[in-house]
Each structure stands twice: as structure tokens, then as C-alpha cells.
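S.K.: Sharing a model that was predicted from the sequence below.
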Amino acid sequence: MKGVTWGVHHRPRPSRSYEMEVQPFAKKRKEMEVQPDAVRDWSELPLDVLALVFAKLGAVEVLMGAGLVCHSWLEAAKVPSLWRYVDMEHHEVLRGKKKKTRDVLCAMAKAAVDRSSGELEVFAGSEFVTDDLLKYIAERSSSLKSLSLDYCNVSNEAFTELIIKLPLLEELLISLCPFVDGDAYEIASRACAQLKRLMLRQGSYGGEREGPLGIEFMHELRYLTLVGSDITTEELVAIIDGCPHLERLCVRNCCNIVVDGALRAKCSRIKTLILPTLQCRRIHFHPDDGIFTDKFDDWRSA
């Protein structure tokens, strides 16, 4: 028959709308077909890239798992810059409060200090921190700029021995450490001339404080937070006079402070001010069992 070629089947050309509907699915399927040689070998990543990934995890996770996967990961986990920031505060492994767990965390903290090779700038620890660990940090981390201790039964002596070896310290956070008192903060004011932020949460430990805190000698302070302190109005006035650069002052639950017009006038130059309220209540803390009645867990943002 004219116009017909036998043995050849002519299929109708797909419509334009059909091609537009099918094309995205075909493209997606092609993307999903990963070739074996295209699979990423994570052990071959550069050390600096792995170190950036590990920095997102945290000290405990790297020391307990990520750094033990293979040799290249272990090498990346030893890069000193990774250990400039060591936060081991309130980690979930502390919930058991077993002595063995605390000993393990103490050993891990020492390993982190060693890996920093003197570059440690920030350290935060709670509960497990001991006098021995503070001495270990003091001997190897003179570049420390920020120190945070939470619920630690460390001695005043060990704390001051650490502080006098931290000339670059800019930030100090102490929460419910019952034995850090007395002249510790006055010593800090002399040893840490660059201290700009002090956050101190105290409690009623059943004893009276010996002598003034000495915060008025921290002349470079910009931010001061005192929660549950037994500081008096006269001591607060001395701090305001002695810290001319103070920009933010929070004295919450400091029940010995009498807020009146004279005190508000004295604080007029301070940009952000939080003074005690009429509902001021003391924090009761029991060092032996770690129980305290203060519910302000967000005290750092105060």
C-alpha cells in the first residue's frame, strides 16, 4: 500500500504535557542511582574538615565515640584547635551521679586539656570537677578566657590556685560551689585584670561569709550577675563605685539589699538593671546531696 512501510511501527509522539509530567520523575530517579565509586569514604576527609564536624558534637561525644571510629578520625580528634572550647557541664551521663562516672569524666576532662596543647580558652564543668582537676588545668591552660563551675565541691584553695594562673580570664561563672568564698574573688580581681563578666549564684549554706567579696576591685567589669548572694546595700554601692564600666547589673534574690531612691540614683548610669523585688527569697542549698530550692535555672540569662 502506498505510503506504508511494512515492519516499522510508528508510535505516536508523546504530547508536550506528558513530557513535562514525566521528566521530573525521571530526573529524580537518575539522581537516586548512586554509582558504587561515588560513595563517600568519610575516613578520607581532610583533618580540618573532620575537626569542624567534631566541633559540632562536644567534648564528651568525641572522647567517648567519634574519635574512636578509625585512625583518621582519632587523628582529627587530636587537633588542638578542636579543644579550645570544652563544655562538659550538665551532660546526661552525670544524671547517675555515681563516683565511677565522675572519675571517668574527670579523666576525660584531663584528656581534653592535654589535646588542647595549651590552647584551651573555655572550660565548663559541673559536679564531677575536683581539686585535682583544677590544679591540672592551672598547670596547662594559662590561656583560659572563660571558666564555669556548677555544683562543684572544690576547695577555696584549689580555686584560688587556678585563678592566679589565669591572667587572660575575661568571664567567670560560679554556681552553688559552697566552698568557693572568702577572699577568692578579691584574689581574682588582682590576678585577672581583664575580667569583664562575673556571674555568681550563691546559697544559704548554714554559715556566714568571712569578709567582703572584693568584687569592687574588678575595675574592668562590664556585666555582673549575683543571685542569692548575702551582699549588703553598702557592698553593692562600693561595687558600683569601683566598677565604672559596668553596663549590666543583676542582683536577684539578694535579700540584704534595700532598694530605695538613693540606690536607684546610684545605678542610673547602668544600662540594664535588675534589682531585688519585694518577694525576695533565699536559696537554700545542701552541698551533701546537691538539693537546692531555687527554681531559676535560667539565671545566666538574667
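M.R.: Received it, and whenever you're ready, just let me know what you need. All values reported here derive from a predicted model rather than from experimental measurement.
S.K.: what about Leu147, which SS state?
M.R.: Three-state assignment for Leu147 (DSSP: H, G, I helix; E, B strand; the rest coil): strand.
S.K.: Is it correct that it is in contact with Leu169?
M.R.: Yes: using C-beta atoms under 8 Å, Leu147 is in contact with Leu169, at 6.4 Å. The way it works is simple: take the backbone N, C-alpha and C, and place the C-beta from them, glycine included.
S.K.: Now do stretch 255-263: distance from first to last residue.
M.R.: End-to-end span of stretch 255-263 (C-alpha to C-alpha, to the nearest Å): 14 Å.
S.K.: next one: stretch 135-151
M.R.: Stretch 135-151: ends 18 Å apart by C-alpha to C-alpha.
S.K.: residue boundaries of the strands in the stretch 151-300 of the chain?
M.R.: 171-175, 197-201, 223-227, 248-252, 272-274, 285-286, 291-292 (DSSP state E, counting those that start in this stretch).
S.K.: Between the ones you listed, which has the poorest mean confidence score?
M.R.: Lowest mean pLDDT of these: strand 291-292, a mean of 42.
S.K.: and the strands of the stretch 151-300 of the chain as TSV, adding distance to Tyr136 and mean neighbour count?
M.R.: Below are the strands of the stretch 151-300 of the chain laid out as TSV (distance: least, C-beta to C-beta, whole Å; neighbours: other C-beta atoms under 10 Å):
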stretch	distance to Tyr136	mean neighbour count
strand 171-175	19	21
strand 197-201	24	21
strand 223-227	28	22
strand 248-252	32	20
strand 272-274	36	13
strand 285-286	26	19
strand 291-292	28	14
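S.K.: excluding its backbone neighbours, what's nearest Trp83?
M.R.: Spatial nearest neighbour of Trp83, chain neighbours left out: Ser116 (3.7 Å); criterion: C-beta to C-beta, 6 or more residues apart in numbering.
S.K.: Could you verify my assumption that the one you found touches Ser141?
M.R.: Yes: in this structure, Ser116 is within contact of Ser141 by C-beta under 8 Å, at 6.9 Å.
S.K.: Could I get the full set of helices for the stretch 51-200 of the chain?
M.R.: Listed in chain order, the helices of the stretch 51-200 of the chain (DSSP state H, counting those that start in this stretch) span 59-64, 71-76, 99-116, 131-140, 156-163, 184-191.
S.K.: in the third one, what's buried?
M.R.: Applying a neighbour-count criterion of 16 or more other C-beta atoms under 10 Å, the buried positions in helix 99-116 are Thr101, Arg102, Val104, Leu105, Cys106, Met108, Ala109, Ala111, Ala112, Val113, Arg115, Ser116.
S.K.: For it, give me every contacting residue.
M.R.: Residues outside helix 99-116 that contact it (C-beta atoms under 8 Å, 6 or more residues apart in numbering) are 59-60, 63-64, 77-78, 80, 82-84, 86, 88, 91, 93-94, 120, 123, 125, 127-130, 132-133, 136-137, 140-141.
S.K.: remind me which residues of the stretch 51-200 of the chain are low pLDDT?
M.R.: 51, 66-72, 76, 91, 93-97 (pLDDT under 70).
S.K.: so how far is Pro276 from Arg264?
M.R.: Distance, Arg264 to Pro276, by C-beta to C-beta, to the nearest Å: 12 Å.
S.K.: These two: who's more crowded?
M.R.: Comparing Arg264 with Pro276 by other C-beta atoms under 10 Å, the one with more neighbours is Pro276, at 18 against 11.
S.K.: pretty sure that one is touching Cys250, no?
M.R.: No: counting by C-beta under 8 Å, Pro276 does not reach Cys250; the two are 10.0 Å apart.
S.K.: Trp73 contacts Leu50, doesn't it?
M.R.: Yes: under the criterion of C-beta under 8 Å, Trp73 makes contact with Leu50 at 6.4 Å.
S.K.: shared neighbours of those two, anything?
M.R.: With C-beta under 8 Å, 6+ apart, Trp73 and Leu50 have no common neighbours.
S.K.: dump the residue contacts of the residue nearest to Leu226 when sequence neighbours are not counted.
M.R.: Spatial nearest neighbour of Leu226, excluding adjacent residues (C-beta to C-beta, 6+ apart): Val251 at 4.9 Å. Val251 sits next to Leu226, Ser229, Ile231, Leu236, Ile257, Ile274, Leu275, Pro276 when contact means C-beta under 8 Å, 6+ apart.
S.K.: let's go with 7 Å and repeat that
M.R.: Contact partners of Val251, counting by C-beta atoms under 7 Å, 6 or more residues apart in numbering, are Leu226, Leu236, Ile257, Ile274, Leu275, Pro276.
S.K.: Likewise for Met88?
M.R.: Ala59, Val60, Leu105, Ala109, Ala124, Gly125.
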